[in-house]
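# Build me a model:
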Amino acid sequence: MKALDELTFDNRFARLGDAFSTHVLPEPLDNPRLVVASSAAMALLDLDPATAESPVFAELFGGHKLWAEAEPRAMVYSGHQFGSYNPQLGDGRGLLLGEVYNQAGEHWDLHLKGAGQTPYSRMGDGRAVLRSSIREFLASEALHALGIPSSRALCVIGSDTPVWREKQERGAMLLRLAPSHIRFGHFEYFYYTKKPEQQKQLGEHLLALHFPECLEQPEPYRAMFREIVERNAELIAKWQAYGFCHGVMNTDNMSILGITFDFGPFAFLDDFDAHFICNHSDDQGRYSFSNQVPIGQWNLSALAQALTPFISVEALREALGLFLPLYQAHYLDLMRRRLGFTHAEDDDQKLLERLLQLMQGSSVDYSLFFRRLGDQAPALAVAQLRDDFVDIKGFDAWAELYLQRVARDPIQGQAARRERMHAVNPLYILRNYLAQKAIDAAESGDYSLVRRLHQVLSRPFEEQDGMQGYAERPPEWGKHLEISCSS
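Coordinates of the predicted model:
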């Protein structure tokens with residue numbers, strides 16, 4: 001384990017130069033203090049978890065101190081926001097402090113969110129508030145624990161710095177980790193500003209450091225784009241399978257590595273609703289739950305347009321054509337496992353679609369349904385779940401087909417079935433009302449609820465003693481919290 005002053009920096013993105021980012025120093029927070037830290041994320045940097053409690057930890061990640069080897073840079077990019085192109089965005093409140101490599105040779109970006117104004121702040125104050133920082137911290141680590149690719153969150157630092165949103169709040173900083181913070185919007189920026197040399201430099205940087213296997217192919221850029229399509233198909237399949245709504249799938253919020261990125265008004269489904277809109281600002285429902293798949297493909301098309309200097313239109317179309325089949329294969333495979341099936345049958349998709357149709361409008365808790373489906377022997381499980389459905393006859397017809405399908409699976413005991421299903425069906429998910437309760441306590445100076453919720457969500461598939469309250473259906477008020485982009 002390392003101490004904080006033993007991190008090894010190798011700032012590869014900073015070396016690309018001023019065309020790609022601007023040197024900016026963090027603006028310190030007043031009276032910085034630790035709210036929560038992830039020991040699992042700290043381990044990615046070989047850091048001793050005990051260092052999180054030291055005063056220098058809060059000073060470093062609260063903007064008061066900086067490693068001599070760090071090179072804080074605000075990245076420039078553009079992107080399509082709600083379908084419209086915005087020519088210049090960039091890190092308006094975040095800084096890439098530098099890149100650290102661990103003993104395993106892995107490189108991790110240290111990105112400080114809420115670090116103050118940059119040239120890309122666009123009239124904003126460059127700050128983040130405590131509530132949004134806590135939400136992103138919890139989401140990053142919760143998705144990782146579910147097996148969904150995500151940026152990671154190392155810590156949240158609170159403060160006494162006043163920040164104005166709809167009301168006065170307290171400023172905070174979030175330190176997040178990712179192998180890279182390059183977005184679809186980086187390529188769009190250099191494409192639309194007609195800077196082919198910088199765009200090529202960015203592409204070569206990405207190929208060398210993050211897609212080296214593509215350099216062995218006859219057409220490296222084509223191979224890289226195909227890999228990006230494949231990663232995003234798998235990522236969004238996992239979002240849909242676990243009921244995760246991102247909320248703001250702008251192209252500047254899409255990671256080139258295919259990881260969940262830039263958490264804003266996200267939500268996990270409580271009651272199943274394919275048309276659920278988690279972003280209070282999304283008046284048209286562009287980023288509704290059911291739209292995440294076509295929007296994912298739309299965003300990849302926007303990236304493809306920016307890559308036309310390197311890849312033929314025919315090759316780009318061919319790669320884009322893989323998205324839906326790959327998505328459907330990943331999604332159906334995961335949902336089969338959630339239903340307890342160990343092999344594929346042709347009618348599995350129809351069986352799943354019928355179940356979701358029955359869930360729609362019946363106020364069936366999406367996550368708990370699958371968890372409870374594995375609790376008991378199949379016949380007993382469906383008998384206990386039927387009362388949750390409005391269309392009882394419809395559910396009974398589905399249950400009969402489901403039991404027949406289970407009977408055709410390889411014969412094994414209920415204990416093995418339960419273990420297999422519980423390994424993919426979480427008992428604990430990050431519900432908005434749980435996050436809000438933890439935020440309310442934190443805003444009053446009590447960080448214990450945030451830390452406890454983080455610990456529970458770190459082991460979402462395991463039943464934990466004394467944590468039953470985190471596995472219950474939300475109260476009615478907890479299903480209707482309005483989350484906006486304001487943070």
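# use CA for all of it now, contacts and neighbours both
Will do.
# Doesn't Gly258 belong to a helix?
No. With DSSP: H, G, I helix; E, B strand; the rest coil as the criterion, Gly258 is coil rather than part of a helix.
# measure the nearest residue to Asp375 once chain neighbours are set aside to Asn279 for me?
In space, Asp375 comes closest to Arg418 once its chain neighbours are excluded; the distance is 6.0 Å by Cα to Cα, 6 or more residues apart in numbering. Counting by Cα to Cα, to the nearest Å, the separation of Arg418 from Asn279 is 35 Å.
# So the two - more neighbours on which side?
Asn279 (23 against 19; other Cα atoms under 10 Å).
# Please name the bridge partners of that one.
Ile483 (DSSP bridges).
# Quick check, pLDDT for it.
Per-residue confidence (pLDDT) for Asn279: 91.
# likewise Gln412?
Reading off the model, Gln412 has pLDDT 76.
# State whether it is indeed within a helix.
No. The assignment for Gln412, made by three-state DSSP, is coil rather than a helix.
# For it, what are phi and psi?
Backbone geometry at Gln412, expressed as degrees, to the nearest 10, gives phi -160, psi 170.
# chain center to stretch 31-41: distance?
Distance of stretch 31-41 from the chain centroid (Cα atoms, centre = their mean, to the nearest Å) equals 19 Å.
# same question, stretch 131-138
For stretch 131-138, the distance to the chain centre is 12 Å (Cα atoms, centre = their mean).
# Any chance you could list what contacts that stretch?
By Cα atoms under 8 Å, 6 or more residues apart in numbering, the residues outside stretch 131-138 that reach it are 152-156, 172-174, 262-264, 430, 435, 439, 443, 450, 454, 487.
# buried subset of the residues you listed?
152-156, 172-174, 262-264, 430, 435, 439, 450, 454, 487 (16 or more other Cα atoms under 10 Å).
# element containing the residue located most distally from the centre of the chain?
Ranked by distance from the centre of the chain (Cα atoms, centre = their mean), the top residue is Lys393, with 37.8 Å. Taking DSSP states H and E as the definition, one finds Lys393 inside helix 392-407.
# So what touches the following helix or strand past that helix?
For helix 392-407, the following helix or strand on the C-terminal side (DSSP H and E) is helix 414-422. Contacting residues not belonging to helix 414-422 are listed as 337-340, 371, 374-377, 461-462 [Cα under 8 Å, 6+ apart].
# and which of those is nearest to Phe225?
For the contacts of helix 414-422, the closest approach to Phe225 (Cα to Cα) belongs to Arg337, at 29.2 Å.
# how close does Asp125 get to Pro119?
11 Å.
# before we move on, what about Lys65?
21 Å.
# wait, isn't Phe276 in contact with Ser288?
Yes. Under the criterion of Cα atoms under 8 Å, Phe276 makes contact with Ser288 at 5.5 Å.
# more neighbours, these two?
Between Phe276 and Ser288, Ser288 has the larger neighbour count (other Cα under 10 Å), namely 23 against 20.
# How about the contacts made by that one?
Taking Cα under 8 Å, 6+ apart, we find Ser288 in contact with 245, 247, 274-278.
# where exactly do the strands run in the protein?
Counting by DSSP state E, one finds strands in the chain at the ranges 21-23, 33-37, 73-75, 79-81, 84-86, 94-101, 107-113, 128-129, 152-158, 162-164, 168-178, 244-245, 267-268.
# Most tightly packed of those strands?
Of the strands of the chain, the one with the most neighbours on average (mean count of other Cα atoms under 10 Å) is strand 152-158, at a mean of 28.
# Was I right to think Asp391 contacts Gln357?
No. At 10.3 Å, Asp391 does not count as touching Gln357 under the criterion of Cα under 8 Å.
# So for Asp125 and Pro119, which sits in the more crowded spot?
The residue with more neighbours, out of Asp125 and Pro119, is Pro119; 19 against 16, by other Cα under 10 Å.
# Nearest residue to that one in space, please, no chain neighbours.
Per Cα to Cα, 6+ apart, closest to Pro119 is Gly92, 7.2 Å.
# Any figure for the gap between the nearest residue to Asp348 once chain neighbours are set aside and Tyr428?
Using Cα to Cα, 6+ apart and skipping residues adjacent in sequence, the residue nearest Asp348 is Arg336, 7.5 Å away. Distance, Arg336 to Tyr428, by Cα to Cα: 20 Å.
# again with Ala397
Here Ala397 is placed at a distance of 29 Å from Tyr428 (Cα to Cα).
# what about the two, which has more around it?
Tyr428 (27 against 10).
# Give me the below-cutoff pLDDT ranges for the protein.
Scanning the chain for pLDDT under 70 picks out the ranges 484-487.
# domains of it?
For the chain, automatic domain parsing gives the domain ranges 4-184, 340-422.
# Tabulate these (CSV), appending distance to Pro474.
Below are the domains of the chain laid out as CSV (distance: least, Cα to Cα, whole Å):
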stretch, distance to Pro474
domain 4-184, 17
domain 340-422, 9
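# And these: which comes nearest Thr308?
domain 4-184 (13.6 Å).
# what's the first-to-last distance across that closest one?
Using Cα to Cα, one end of domain 4-184 lies 32 Å from the other.
# Test my guess that Leu96 contacts Met75.
Yes. Using Cα under 8 Å, Leu96 is in contact with Met75, at 7.5 Å.
# Now do stretch 70-85: everything it contacts.
With Cα under 8 Å, 6+ apart, stretch 70-85 has contacts from 9, 11, 14, 20-26, 86-92, 94-99, 118-120, 183-190, 248-252, 286.
# again with stretch 27-35
Counting by Cα under 8 Å, 6+ apart, 52-53, 55, 57-59, 62-64, 115-117, 155-161, 171-172, 442, 447, 450 sit against stretch 27-35.
# mind checking how far it is from the chain centre?
25 Å.
# My understanding was that Tyr327 contacts Lys238; is that so?
No. Counting by Cα under 8 Å, Lys238 is not a contact partner of Tyr327; they are 9.1 Å apart.
# ok, longest helix in the chain?
The longest helix of the chain (DSSP state H) is helix 220-242.
# any idea how far Asn102 is from Met42?
From Asn102 across to Met42, the span is 11 Å (Cα to Cα).
# of those two, who's got more company?
Set Asn102 next to Met42 and count neighbours by other Cα under 10 Å: Met42 wins out with 22 against 17.
# Identify the residues contacting that one.
Residues near Met42 by Cα under 8 Å, 6+ apart: 48-49, 154.
# can you pull the contacts of Ala52?
Neighbouring residues of Ala52 by Cα under 8 Å, 6+ apart: 34, 37, 58.
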